[in-house]
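Colleague: I would like to see how this sequence folds:
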Amino acid sequence: MSDPAGETPLGPDGLPRCPWALSAPDYLAYHDGEWGRPVHGDDALFERLSLEAFQSGLSWITILRRRPGFRAAFADFRIADVAAFTDADRERLLADPGIIRNRAKIDATLANARVLAGWKPGELDTLIWSHAPEEPGPAPRTLRDVPAVTKESTALARTLKKQGLRFVGPTTAYALMQACGLVNDHLQTCAARG
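Modeller: The predicted model follows:
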């Protein structure tokens, strides 16, 4: 079922949504309530950055459904707390069935927290948001119009890597930009576009 213009499918409430949002109830709630809405705060952005890194090579629904487990395992992604994790915490994470037990991704998250713990309050927020496009692009009409990488996400990934952060390539950086509202990739006719 599609909207009258035929560009986006209709959700259970009869309103048009981005097609991916209708593949699972978890997606619909995330799409309508979070995705593409501005996120600020160092800890909140660290969480999103970490979860996008864990998502690499997996479907987002896998991460979304395990997000409560990730939050519990990683002290709600409070940078100072994660930066203080010990080798025993690392071993605990590697054995935790509530998260993705990928050694490289866990190590990257811990290393990133240690780097960010040395930054001034608000510095991560400022750095990430400084890479938002100066002018919003045209609203995508179809999913084919949504890029996987942009010049801004490439620059953001390069800057984060230069600062010592890991698991932050241009595609991961663009997913972060989408999730945190730096860009609005809701389709043109999507009810959540706002």
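Colleague: since we're on A104, how many residues are nearby?
Modeller: 11 (other C-beta atoms under 10 Å). Glycine gets a C-beta too; all of them are placed from N, C-alpha and C.
Colleague: sorry, that was for R90
Modeller: Neighbours of R90 (other C-beta under 10 Å): 15.
Colleague: In contact with it, which residues?
Modeller: Counting by C-beta atoms under 8 Å, 6 or more residues apart in numbering, R90 touches I106, D107, L110.
Colleague: Restricted to helices, list the residues you listed.
Modeller: Applying DSSP state H to the contacts of R90, the entries found in helices are I106, D107, L110.
Colleague: The first one reaches A95, doesn't it?
Modeller: This means I106. No: counting by C-beta atoms under 8 Å, I106 sits too far from A95 to count as a contact (10.7 Å).
Colleague: Between those two, which is the more surrounded one?
Modeller: I106 (24 against 9).
Colleague: Who are the contact partners of the more buried one?
Modeller: I106 neighbours (C-beta under 8 Å, 6+ apart): R90, L93, L94.
Colleague: at 6 Å instead, please
Modeller: L93 (C-beta atoms under 6 Å, 6 or more residues apart in numbering).
Colleague: For it, give its distance to F54.
Modeller: 9 Å (C-beta to C-beta, to the nearest Å).
Colleague: Could you do Y174 as well?
Modeller: 16 Å.
Colleague: will you turn the ones in helices among the contacts of R90 into CSV that also has pLDDT?
Modeller: Putting the ones in helices among the contacts of R90 into CSV (pLDDT from 0 to 100) gives the following:
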residue, pLDDT
I106, 98
D107, 98
L110, 98
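Colleague: pLDDT weak spots in this protein?
Modeller: Residues of the chain meeting the criterion pLDDT under 70: 1-7.
Colleague: all helices of it, in order?
Modeller: 25-33, 42-55, 60-73, 79-83, 87-94, 103-117, 123-129, 151-162, 170-179.
Colleague: So which of these is nearest G14?
Modeller: helix 25-33 (13.2 Å; C-beta to C-beta).
Colleague: so who does L58 touch?
Modeller: By C-beta under 6 Å, 6+ apart, L58 has no neighbours at all.
Colleague: how about a cut-off of 10 Å?
Modeller: R66, I100, N102, K105 (C-beta atoms under 10 Å, 6 or more residues apart in numbering).
Colleague: Look up how far V183 lies from the closest residue to K161 other than its chain neighbours.
Modeller: In space, K161 comes closest to V168 once its chain neighbours are excluded; the distance is 6.1 Å by C-beta to C-beta, 6 or more residues apart in numbering. Separation of V168 from V183 (C-beta to C-beta): 17 Å.
Colleague: pretty sure L160 contacts N112?
Modeller: Yes: contact between L160 and N112 holds when scored by C-beta atoms under 10 Å: they sit 8.7 Å apart.
Colleague: Before I go, just wanted to say thanks for your time.
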